[in-house]
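Asker: Sequence and computational prediction follow.
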Amino acid sequence: MARALSVMVFPAAFPNLASEDFPLHQGYLENFVYICLAKYLKIKYNKMKKIYIIILISLTNFSYSQDPRLFDNYWYLTNIVENGVANIPPTSTMGISFDSQMLIAHACLDLAATVTFENNTTNFSATNFAYCLCWCTNPVAESYENNKYFPFLNHLNGNPATISNFTYTITELQGGAKSLIINSEFNSQAIYSSVPLSNAHFEKFDFSIYPNPSQDAVTIQLINEYATDSMVEFYNEIGIICKSEKITSTNYRIDTKELASGVYFVKIKTDAETLVKKLIKK
C-alpha cells in the first residue's frame with residue numbers, strides 16, 4: 001500500500017532553477033523534488049529522476065509490505081477469546097478476508113472496514129465500518145455476531161467512525177494449513193484457520209459418564225470428536241485430584257478400582273471450554 005506526498009511550490013519563488021539540465025515546463029510541480037535533489041547532489045536531472053524513482057519504489061515496498069498470506073486466504077473463525085474465556089462460533093462459515101485497504105468479516109451478516117497497515121509491521125487499524133443491509137435468518141449466529149464477533153472488530157459496535165487497533169500473527173500448521181491470530185487492544189483475540197474445520201468442532205461440547213453410580217470402571221462418552229486428546233480428571237469432595245488420564249477415543253473406558261467409595265467430580269477440559277460432572281463410586 002503506497003501513500004503519496006504532495007508538495008506545493010510557486011515557480012516564481014525559484015527563478016534560477018530553469019536551465020538546460022533542469023527544464024521548467026507543465027510538469028514543473030511533479031519534477032520539483034527531482035530538481036532540488038539533483039541540484040543538491042550535483043547530478044543531471046534525468047539521472048536524478050531515475051535514482052529518485054528507484055529509491056521511492058524501494059522505500060514504498062519496505063515500509064508497507066505485508067505478509068502475502070494474509071491476503072491470499074479466506075480465514076475461517078474458530079474462536080473469540082475474551083480475557084482468557086473461549087467463545088466458539090456456532091457455525092463453520094464465519095470468517096474474514098483482507099486486501100491491502102479493506103477487510104470483510106462474514107458472520108450472519110457482513111461487516112466491511114477500511115484498514116491501514118503500519119510501516120513494515122504486523123500492526124493495523126480498522127475504521128469506516130459498514131454493515132450489509134440484508135436479513136439474518138439464523139438467530140444463534142446473529143447473537144454471536146452481535147455480542148462477540150463484530151464487537152471484537154468494532155469495539156464501539158454500531159459506530160462506523162470507531163478506530164480499532166490490532167496486531168496479527170500467521171503460523172504454518174501441519175498439512176499445509178495456516179493459523180491467523182488477531183489480537184485487539186482490549187485483551188481479546190480472534191483465532192482463524194485457513195481451512196474450514198469440521199462442523200463437529202462448532203457443536204456444543206458435552207460428555208456423558210456411565211454407569212453412574214459405578215463400581216470398578218466407567219465409560220466417558222464424548223459428544224464431539226474434537227475433544228479427544230483432552231485430559232479427564234477425577235476430584236474428591238474436598239478438591240483433591242485423585243486420578244487423571246488422557247482421553248483417546250469418543251468412548252473411553254477408565255478403571256476406577258483404586259478409587260474409594262464416595263462422590264467425585266469428573267472434569268474434562270478442551271481448548272474451548274471445561275465441563276464437570278458428578279460421579280458416585282460405590
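Answerer: Done, it's in.

Asker: CA atoms for contacts and neighbours, from now on please.
Answerer: OK.

Asker: nearest residue to the spatially most central residue of the chain other than its sequence neighbours?
Answerer: By CA atoms, centre = their mean, the chain has its centre lying nearest to residue 182, at 3.1 Å. Spatial nearest neighbour of residue 182, chain neighbours left out: residue 168 (4.4 Å); criterion: CA to CA, 6 or more residues apart in numbering.

Asker: From residue 280, how far out is the one you found?
Answerer: 47 Å (CA to CA, to the nearest Å).

Asker: Give me the more crowded residue out of the two.
Answerer: residue 168 (17 against 14; other CA atoms under 10 Å).

Asker: Return the set of buried residues in the helix or strand hosting the more buried one.
Answerer: Here residue 168 sits within strand 164-172, counting by DSSP states H and E. The neighbour-count check on strand 164-172 (16 or more other CA atoms under 10 Å) flags 164-168, 170 as buried.

Asker: ok, so of those, who is nearest residue 74?
Answerer: Distance to residue 74 across the buried residues of strand 164-172 (CA to CA) is lowest for residue 170, with 13.0 Å.

Asker: what about the closest one, distance to residue 122?
Answerer: 10 Å.

Asker: what do you get for residue 103?
Answerer: 15 Å.

Asker: So for these two, which residue has more residues nearby?
Answerer: Taking other CA under 10 Å, residue 103 and residue 122 do not tie; residue 103 has more neighbours (19 against 16).

Asker: Neighbouring strands of the helix or strand harbouring the more buried one in the sheet, and parallel or not?
Answerer: Element membership for residue 103 (DSSP H and E) is strand 102-106. Sheet pairing here is set by DSSP bridges, and for strand 102-106 it gives strand 95-98 (antiparallel), strand 110-117 (antiparallel).

Asker: Could you list the residues in contact with the longest one?
Answerer: Defining contact as CA atoms under 8 Å, 6 or more residues apart in numbering, one finds that strand 110-117 is touched by 64, 66, 100-105, 123-132, 150.

Asker: gap between it and the chain center?
Answerer: Here strand 110-117 is found 13 Å from its chain centre; the criterion is CA atoms, centre = their mean, to the nearest Å.

Asker: Now do that strand, average pLDDT.
Answerer: Strand 110-117 shows a mean pLDDT of 92.

Asker: correct me, but residue 166 touches residue 121?
Answerer: No - Residue 166 lies out of contact with residue 121 (CA atoms under 8 Å); the separation is 11.1 Å.

Asker: Between the buried residues of strand 164-172, which sits nearest residue 270?
Answerer: residue 170 (22.6 Å).

Asker: Which helix or which strand is home to the nearest residue to the closest one once chain neighbours are set aside?
Answerer: Using CA to CA, 6+ apart and skipping the chain neighbours, the partner closest in space to residue 170 is residue 180 (4.6 Å). Assigned by DSSP H and E, residue 180 belongs to strand 178-184.

Asker: CA atoms only for the next helix or strand after that strand - export them in PDB, please.
Answerer: Counting by DSSP H and E, the next helix or strand C-terminal to strand 178-184 is strand 188-193. Extracted in PDB, the C-alpha atoms of strand 188-193 (Å, rounded to 0.1, in the frame of the first residue of the first chain):
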ATOM      1  CA  SER A 188      -9.100 -10.200  23.400                       C
ATOM      2  CA  GLN A 189      -8.100 -12.200  20.300                       C
ATOM      3  CA  ALA A 190      -9.800 -13.800  17.200                       C
ATOM      4  CA  ILE A 191      -8.300 -17.200  16.100                       C
ATOM      5  CA  TYR A 192      -8.700 -18.200  12.400                       C
ATOM      6  CA  SER A 193      -7.800 -21.200  10.200                       C
END
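
Asker: the inter-axis angle of strand 188-193 versus strand 164-172?
Answerer: For strand 188-193 against strand 164-172, the angle by axes from the mean of the first three to the mean of the last three CA atoms, to 10 degrees is 40 degrees.
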